[in-house]
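Undergrad: I'll drop the sequence and a predicted model, then ask my questions.
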Amino acid sequence: MADLFEAAGLTPQQPSPLADRLRPQRLEEVVGQDHLLGPDGPIRRMAEARRLSSMILWGPPGTGKTTIARLLAKEAGYEFQQLSAVFSGVADLKKAFEQARARRAAGQATLLFVDEIHRFNRAQQDGFLPFVEEGIVTLVGATTENPSFELNGALLSRCQVYVLKRLDEAALEALLAKAEAHEGRPLPLEPDARAALTALADGDGRYLLTLSETLFNIASAKPLTTKELGQILQKRSPAYDKDREEHYNLVSALHKSIRGSDPDAALYWLARMLQGGEDPLFIARRLIRAAAEDIGEADPMSLVLANAAKDTYDFLGSPEGEIALAQLVVHLAAAPKSNAVYKAFGAAMKAAKETGSLMPPSHILNAPTRLMKDLGYGRGYAYDHDTAEGFSGQNYFPEGMERRQFYKPRGDGNEARIKERLERWAALRREKGD
């Protein structure tokens, strides 16, 4: 037995990590995933029926993906075989499939758990298809990335996708209570420090237990304050990958908070992106887009200010330049909103494609040559400034194309005055017979 401990890098005096010692032994012991594992949860029902379907478990780190797969195999009577896409290649896959085929011939089903399955390339993912279709293996893949972006459509069509939730405060507290019961002593923390510990874990149960183990090991004689906790434990960076889904989730949240006129939420998402290491100039580009798309003529200065904030950051850099981005976020969120120009441009682009190469009406064509004048170019053009109203009401659409109204201001902010002018000009146009 001692040799086995040594081979694993452990001794009876060096036990396995606390997170491993507290690993659930039954599905009902897994916390925070009741929507999947509760009495009516789909994974619970599969385990009870002892008939498993291939699935993808998608969720943040430390939410129980590996544990669920292991317990699912145990409770359904399947042989559990595990691979990691980080360390496995084609040879490992072939060996796993051969072993599963041999088990099947002997009447034993195999649950093949593939951790970080999104790291396999497209060809490797395609390699699973015939073995899943034939029932050689029941595939359970685990990923922290959006399967829609990272997994083949053919593989996804053969698997159910189950989303694991980030562990909430109640689930994390349940883990702490379990750790304290296992250790036979409370964590040496004041109430505020305990709350700070769960916040530090950021929804990751495994990380929370790792932090707890550190605190148990220091065996403090008195409860630690929040400040003392911070001196002992390293603050974890927020989960944020500038090349992955979180990048798009947070910038979408920022943009939609601005569109929804919520400056407080918009500031929060701006701070989250900056803390995650996002390029501030990427944020500035998105804010310029929001100014043009969602505010438009309701507050045309927003686009000017957006470009000014970008230039300010470009000049000052971080952290001073980030204040300009924060000021812009508040301005955009608090500004009147209109997507009338955005919609009008889209409609005009569609009309331009539909109408092809229609020429402008002849009265607004330039006539720099005698021939062009003889052909009627420019004949009948009314110079608007010479009219009593400063508005001629002439037609500027191509001949043979009916007048279209693309721009329809809503009447918010600056667009209230624009709407009033357009309505007056439309009435004059009708009076003049166009």
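TA: Structure received. Residues are numbered from 1 along each chain as shown.
Undergrad: Residue 271 and residue 322, how far apart?
TA: Remark: distance between residue 271 and residue 322 (CB to CB, to the nearest Å) = 9 Å. C-beta: built from backbone N, CA, C; applies to glycine.
Undergrad: the more surrounded of the two?
TA: Legend: neighbour count by other CB atoms under 10 Å for residue 271 and residue 322, higher for residue 322 (19 against 15).
Undergrad: The more buried one and residue 312 touch, don't they?
TA: No - applying CB atoms under 8 Å, one finds residue 322 not in contact with residue 312, separated by 9.8 Å.
Undergrad: Need phi/psi at the residue nearest the centre of the chain.
TA: The residue lying closest to the centre of the chain (CA atoms, centre = their mean) is residue 249, at 2.4 Å. Phi and psi for residue 249, reported as degrees, to the nearest 10, are phi -60, psi -50.
Undergrad: Nearest residue to residue 169 in space, ignoring adjacent ones along the chain?
TA: Nearest residue to residue 169, sequence neighbours excluded (CB to CB, 6 or more residues apart in numbering): residue 198, at 5.9 Å.
Undergrad: any idea which helix or strand comes after the host helix or strand of the one you found?
TA: Under the criterion of DSSP states H and E, residue 198 resides in helix 191-201. Remark: after helix 191-201, the chain's next helix or strand is helix 205-218, criterion DSSP H and E.
Undergrad: That next one relative to helix 191-201, how many degrees between them?
TA: Using axes from the mean of the first three to the mean of the last three CA atoms, to 10 degrees, the inter-axis angle of helix 205-218 relative to helix 191-201 is 140 degrees.
Undergrad: Mind listing residues that contact helix 205-218?
TA: Residues from elsewhere that reach helix 205-218 (CB atoms under 8 Å, 6 or more residues apart in numbering): 17-19, 22, 31-32, 61-64, 167, 171-172, 175-176, 179, 183, 185, 187-189, 197-198, 200-201, 224, 229, 232-233, 236.
Undergrad: now those residues: which count as buried?
TA: 18-19, 22, 31-32, 62-64, 167, 171-172, 175-176, 179, 187-189, 197-198, 200-201, 224, 229, 233 (16 or more other CB atoms under 10 Å).
Undergrad: OK, contacts around residue 354?
TA: Contacts of residue 354 by CB under 8 Å, 6+ apart: none found.
Undergrad: tell me the pLDDT at it?
TA: Note for residue 354: predicted pLDDT of 82.
Undergrad: Buried residues in the host helix or strand of it, which are they?
TA: Residue 354 is part of helix 340-355 when elements are defined by DSSP H and E. Using 16+ other CB under 10 Å as the test for burial, helix 340-355 gives 340-341, 344.
Undergrad: Kindly report the same for stretch 56-76.
TA: For stretch 56-76, the neighbour count (16+ other CB under 10 Å) marks 56-60, 62-73, 75-76 as buried.
Undergrad: what mean pLDDT does it have?
TA: 93.
Undergrad: Stretch 398-414 now?
TA: Mean predicted lDDT for stretch 398-414 stands at 86.
Undergrad: Buried residues in that stretch, which are they?
TA: Buried, per 16+ other CB under 10 Å, within stretch 398-414: 407, 409-410, 412-414.
Undergrad: Please apply the same query to stretch 254-262.
TA: Buried, per 16+ other CB under 10 Å, within stretch 254-262: 254-255, 257-259.
Undergrad: swap in stretch 320-334?
TA: The neighbour-count check on stretch 320-334 (16+ other CB under 10 Å) flags 321-322, 324-326, 328-333 as buried.
Undergrad: Can you redo those residues as JSON lines, where the extra columns are distance to residue 387, pLDDT and secondary structure?
TA: Shown next, in JSON lines, are the buried residues of stretch 320-334 (distance: CB to CB, whole Å; pLDDT from 0 to 100; DSSP: H, G, I helix; E, B strand; the rest coil):
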{"residue": "321", "distance to residue 387": "49", "pLDDT": "92", "secondary structure": "helix"}
{"residue": "322", "distance to residue 387": "51", "pLDDT": "94", "secondary structure": "helix"}
{"residue": "324", "distance to residue 387": "45", "pLDDT": "96", "secondary structure": "helix"}
{"residue": "325", "distance to residue 387": "47", "pLDDT": "96", "secondary structure": "helix"}
{"residue": "326", "distance to residue 387": "48", "pLDDT": "96", "secondary structure": "helix"}
{"residue": "328", "distance to residue 387": "41", "pLDDT": "96", "secondary structure": "helix"}
{"residue": "329", "distance to residue 387": "45", "pLDDT": "96", "secondary structure": "helix"}
{"residue": "330", "distance to residue 387": "44", "pLDDT": "95", "secondary structure": "helix"}
{"residue": "331", "distance to residue 387": "39", "pLDDT": "96", "secondary structure": "helix"}
{"residue": "332", "distance to residue 387": "39", "pLDDT": "96", "secondary structure": "helix"}
{"residue": "333", "distance to residue 387": "42", "pLDDT": "94", "secondary structure": "helix"}
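Undergrad: surely residue 403 meets residue 396?
TA: No - counting by CB under 8 Å, residue 403 stays clear of residue 396, with 9.1 Å between them.
Undergrad: what's the span of stretch 213-232, first residue to last?
TA: 12 Å (CA to CA, to the nearest Å).
Undergrad: just to revisit the earlier point, hang on, the residue nearest to residue 169 packs against residue 173?
TA: Yes - between residue 198 and residue 173 there is a contact under CB under 8 Å: 6.6 Å.
Undergrad: Show me what the helix holding residue 198 is packed against.
TA: Packing partners of helix 191-201 (3 or more CB pairs under 8 Å, 6 or more residues apart in numbering; DSSP states H and E): helix 169-183, helix 205-218, helix 226-232.
Undergrad: Against which helices or strands is the first one packed?
TA: Using 3+ CB pairs under 8 Å, 6+ apart, the elements in contact with helix 169-183 are helix 18-21, helix 191-201, helix 205-218.
Undergrad: does the residue lying closest to residue 321 once chain neighbours are set aside count as helix, strand or coil?
TA: The shortest distance from residue 321 to any non-neighbouring residue, by CB to CB, 6+ apart, is to residue 313 (3.5 Å). Look at residue 313: counting by DSSP: H, G, I helix; E, B strand; the rest coil, its state is helix.
Undergrad: do the same with residue 139
TA: Per three-state DSSP, the local secondary structure of residue 139 is strand.
Undergrad: contacting residues for it?
TA: Contacts of residue 139 by CB under 8 Å, 6+ apart are 54-55, 112, 114, 128, 131-132, 158-159.
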